[in-house]
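# When you get a sec, could you give me coordinates for this:
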Amino acid sequence: MDDRQAPLQTDYLMTLDMEAMVGLEIGKTPRGYRRIDRIERGTFSGPKLSGKVVTATDHLLVLRDNSARPDVRLVLETTDGVLVQIMYQGIVWGPKEVLKKLGRREEVSGDQYYMRSAAFFETAMDNDYAWLNNVIAVGRGAVRILDGGAFGVRYDLFQVL
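Numbering: from 1, shown residues only. Below you'll find the model as predicted:
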């Protein structure tokens, strides 16, 4: 019996665009350098849902190799008023010089580093978006440097079919 499966396929779900406030620098911890970014504002849009980011935090951990591990929780509000939580973790990795530039809050093209995430959703079971409770999405992202040194992040999220 051949138990191999077909390759995974995805379907575009949405683009998530966020702007963070200047981060809270926890500093060097036993696990790495920790910074907490709070999202100031954001939007999302896609063929099945759109709206705004209500609140979010990223408990970012920068490892000794200068790669980073985002750990994010967001609350979204759809245009029709439904709240959806997204939880995602990811990896930001690339050449040491590029990652150091990002760390210094210098603008770097998104094609110079690897920024990927895995996202899970949670919402009430009695709304039109309850289908999200059973979705895993993957994201491809890029960092933007905003005025004052804060970060902006844009992710394209794809539902894994």
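# How many residues are close by Leu157?
23 (other CB atoms under 10 Å). In this view, the C-beta of every residue, glycine as well, is placed from N, C-alpha and C.
# Help me confirm that it comes into contact with Asp11.
No: using CB atoms under 8 Å, Leu157 is not in contact with Asp11; the gap is 10.2 Å.
# the helices in the chain, which residues?
Ranges of helices in the chain, per DSSP state H, are 96-103.
# Next, work out how far apart the spatially closest residue to Arg154 that is not a sequence neighbour and Asn134 are.
Among residues not flanking Arg154 along the chain, Asp17 sits closest, at 4.8 Å (CB to CB, 6 or more residues apart in numbering). Distance of Asp17 to Asn134, computed by CB to CB, to the nearest Å: 25 Å.
# More neighbours: which of those two?
Ranked by neighbour count (other CB under 10 Å), Asp17 and Asn134 place Asp17 first, with 17 against 8.
# close enough to count as contact, that one and Phe44?
Yes: using CB under 8 Å, Asp17 is in contact with Phe44, at 7.3 Å.
# residue boundaries of the strands in the protein?
With DSSP state E as the criterion, the chain has strands at 10-20, 24-29, 32-45, 50-62, 68-69, 71-78, 83-93, 114-122, 136-145, 151-160.
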